[in-house]
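Asks: Quick one, fold the following:
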Amino acid sequence: MVTRSKGRPIGDVIQAGIHGGLKVQAEAFADGSYLDLGTPDDLIQVLVYFFECVAVIIAGITSCHLSS
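Replies: Residues are numbered from 1 along each chain as shown. Predicted coordinates for the structure are as follows:
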């Protein structure tokens, strides 16, 4: 069995950037969410969501929202 690591937490990456002198900005999602693309399984989840949303929009519904 192969165990996949989720990798380094995004907070650690942001902190490393700050300590390295990078300018860091944040954007709040008032009415939304985000999906992490850290693993192949996460990417598949995003692609499924995207194509489901495309189908909804083609069907005449004007928007698609991610349900958690």
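Asks: secondary structure element for the residue nearest to the spatial centre of the chain?
Replies: Centroid-nearest residue in the chain, with CA atoms, centre = their mean: residue 35, separated by 2.2 Å. Per DSSP states H and E: residue 35 is located in neither a helix nor a strand.
Asks: Give the helix, strand or coil label for the nearest residue to it once chain neighbours are set aside.
Replies: Here the nearest residue to residue 35 in space, its sequence neighbours aside, is residue 46; by CB to CB, 6 or more residues apart in numbering that works out to 5.0 Å. Using the backbone N, CA and C atoms, a C-beta is placed for each residue, glycine as well. At residue 46 the chain is in helix, as set by DSSP: H, G, I helix; E, B strand; the rest coil.
Asks: I'd like to know how many residues surround residue 46.
Replies: When counting by other CB atoms under 10 Å, one arrives at 14 neighbours for residue 46.
Asks: Equivalent analysis for residue 39, please.
Replies: 13.
Asks: same thing with the one 10 residues further on?
Replies: By the other CB under 10 Å criterion, the neighbourhood of residue 49 contains 14 residues.
Asks: That one touches residue 35, doesn't it?
Replies: Yes. Contact criterion CB atoms under 8 Å: residue 49 and residue 35 qualify, at 7.1 Å.
Asks: so where's the protein shaky on pLDDT?
Replies: 1-6, 62-68 (pLDDT under 70).
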